[in-house]
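Novice: Build the 3D model from these lines:
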Amino acid sequence: MKKTTTIIIIVLLIVIVGVVGVYAFMAGKAKDEQQSAALTAVEKVLSRDLSKKYPATVREVVKYYAEIIKCFYAEDTRDEDLEALGMKARELYDEELLMNNQIEDYLINLKSNVQQFKSNKLTLASYSVAGSVNVDYFQEDGYEFARLNCTYYYMEGGVTRSVDIIYLLRKENKLWKIYGWDNAKNLQGQDNAENIQVQ
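Specialist: Numbering: from 1, shown residues only. Below you'll find the predicted structure:
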């Protein structure tokens, strides 16, 4: 009889320890998820270390850049955040694009564009990057290029509007870098890299 009671007590202790352990694990996991959710969109974008984890594909580069663009035009983005986001965006740019956009001029133009967007009471709602199967790869002047469409949706006077932007990327040291972009309407019927201006 005593032996049975001892076994029951040991089993109950093991069950209690197991339940407490599972609870502690789940509580810790929930806390981590809450902290992760508490990060703002700007903090999430800025927390990515591109020197260690650069986007692996054309689509991932454009998608990450679209996230930066969305943060540029968010209502709560502060000036210091805007500068940090601008510098993060430059990490995705091709060398030629960087040369055509010196840092000071780039940041002045960025702030001006964002201010104008907000002055016109526009709100960037979302974006949609075309699928990987829609990437248009080609070679020109000894370089590998890729083109991909991204649609941005914005609100204007309570009406949702959209704009299609074609991004042109060039492979540089095995990484896809943004070479330039243009409104898709301006590029209809044009196929080569020269038609997308380095911004």
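Novice: Please identify the buried residues of the helix or strand containing Gly180?
Specialist: Assigned by DSSP states H and E, Gly180 belongs to strand 175-183. Neighbour-count burial for strand 175-183, counted by 16 or more other C-beta atoms under 10 Å, picks out 176-182. (Each C-beta comes from the backbone N, C-alpha and C, glycine too.)
Novice: biggest separation within those residues, which pair?
Specialist: With C-beta to C-beta as the measure, no two of the buried residues of strand 175-183 lie farther apart than Trp176 and Asp182, at 17.6 Å.
Novice: give me the number of residues near Gln139?
Specialist: For Gln139, the count of nearby residues is 10 (other C-beta atoms under 10 Å).
Novice: Okay, and the beta partners of it?
Specialist: Gln139 has these beta-bridge partners by DSSP bridges: Glu144.
Novice: again, but for the one 10 residues further on
Specialist: Here Asn149 sits in beta bridges with Ile166, as judged by DSSP bridges.
Novice: got a list of what it touches?
Specialist: Shown in contact with Asn149 (C-beta atoms under 8 Å, 6 or more residues apart in numbering): 129-130, 134, 164-167, 184.
Novice: ok, of those, which come out buried?
Specialist: Among the contacts of Asn149, those classed as buried by 16+ other C-beta under 10 Å are 129-130, 165-167.
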